[in-house]
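Undergrad: Could you work out the structure for the sequence below:
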Amino acid sequence: MGEPDPHPHPHEHSELDATELRVRALQTILLEKGYVEAGALDAIVESYQTRIGPRNGARVVAKAWSDPDYFDWLLRDATAAVASLGYTGRQGEHLVALASTDQVHHIVVCTLCSCYPWPVLGLPPVWYKSAPYRSRAVRDPRGVLAEFGVALPPEREIRVWDSTAEVRYLVIPQRPPGTEGMSEEQLAALVTRDSMIGTGLPNAP
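TA: Take a look at the predicted model:
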């Protein structure tokens with residue numbers, strides 16, 4: 001038997017449903033026992049869903065696409081550039097931005113565990129933490145990308161970056177064509193979580 005497919009889309013729904021059921025059961029127990037307050041729990045969930053998460057990263061990417069000076073700063077010192085937008089916190093202390101181009105496409109993995117830049121991408125998806133993705137992204141990145149629906153020209157180099165507890169990466173995908181004149185808010189709506197990991201591309205306008 002071959003290794004399981006790391007691509008999330010065909011299988012993610014059932015996994016997430018099971019996870020949600022377990023989370024809800026745990027929440028119920030914690031609330032009934034009085035270990036946590038409902039308000040505090042809601043605040044934590046809301047924080048990661050709205051303030052901390054892919055929406056933050058999308059705003060970073062959109063600003064980089066719109067502002068060349070910010071783009072340069074992001075590549076020089078991503079931690080400071082991201083912090084200037086108010087996105088800081090645990091798992092985001094040492095960020096490095098990687099700009100994909102016509103010559104190079106970047107993809108991020110954590111081969112040892114699931115190091116991930118929470119302040120700009122939220123919590124890591126199930127597939128990012130899976131052993132098949134962590135191993136195959138290194139051995140066969142082009143094949144993994146194909147399973148995610150990303151077909152790149154054969155001449156384009158694919159660079160795989162291994163996140164660690166010391167350094168976490170944020171991919172700045174290429175700006176889609178036909179987006180001239182769009183506002184940062186409109187651009188941010190095109191940026192996907194997967195495009196900031198390198199396993200996807202931004203949406204077309």
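Undergrad: in this structure, which spans are helices?
TA: 12-33, 38-46, 54-66, 68-76, 78-83, 118-121, 126-129, 131-139, 141-147, 184-188 (DSSP state H).
Undergrad: where's Gly57 relative to Gly34, distance?
TA: 36 Å (Cβ to Cβ, to the nearest Å). C-beta: built from backbone N, CA, C; applies to glycine.
Undergrad: between the two, who's got more neighbours?
TA: Gly57 (26 against 7; other Cβ atoms under 10 Å).
Undergrad: what's near enough to touch that one?
TA: Pro117, Val120, Leu121, Leu170, Val191, Arg193, Met196 (Cβ atoms under 8 Å, 6 or more residues apart in numbering).
Undergrad: and it, how far is that from Ala131?
TA: In terms of Cβ to Cβ, Gly57 sits 25 Å off from Ala131.
Undergrad: same deal with Leu31?
TA: 33 Å.
Undergrad: just Asn56 next, same as before
TA: Per Cβ to Cβ, Asn56 is found 28 Å from Ala131.
Undergrad: which one of those two has more residues nearby?
TA: Between Asn56 and Ala131, Asn56 has the larger neighbour count (other Cβ under 10 Å), namely 23 against 11.
Undergrad: doesn't Val120 make contact with that one?
TA: Yes - taking contacts as Cβ atoms under 8 Å, Asn56 lies within contact range of Val120: 4.9 Å.
Undergrad: list residues touching both of these two?
TA: What both Asn56 and Val120 touch, as defined by Cβ under 8 Å, 6+ apart, is the set Tyr87.
Undergrad: Near Ile107, how many residues? Count them for me, please.
TA: What Ile107 shows, counting by other Cβ under 10 Å, is a neighbour count of 24.
Undergrad: Could I get the contacting residues of the residue nearest to it when sequence neighbours are not counted?
TA: In space, and not counting its chain neighbours, Ile107 is closest to Gly198: 3.4 Å by Cβ to Cβ, 6 or more residues apart in numbering. Residues near Gly198 by Cβ under 8 Å, 6+ apart: Leu98, Ser100, His105, His106, Ile107, Val108, Val171, Pro173.
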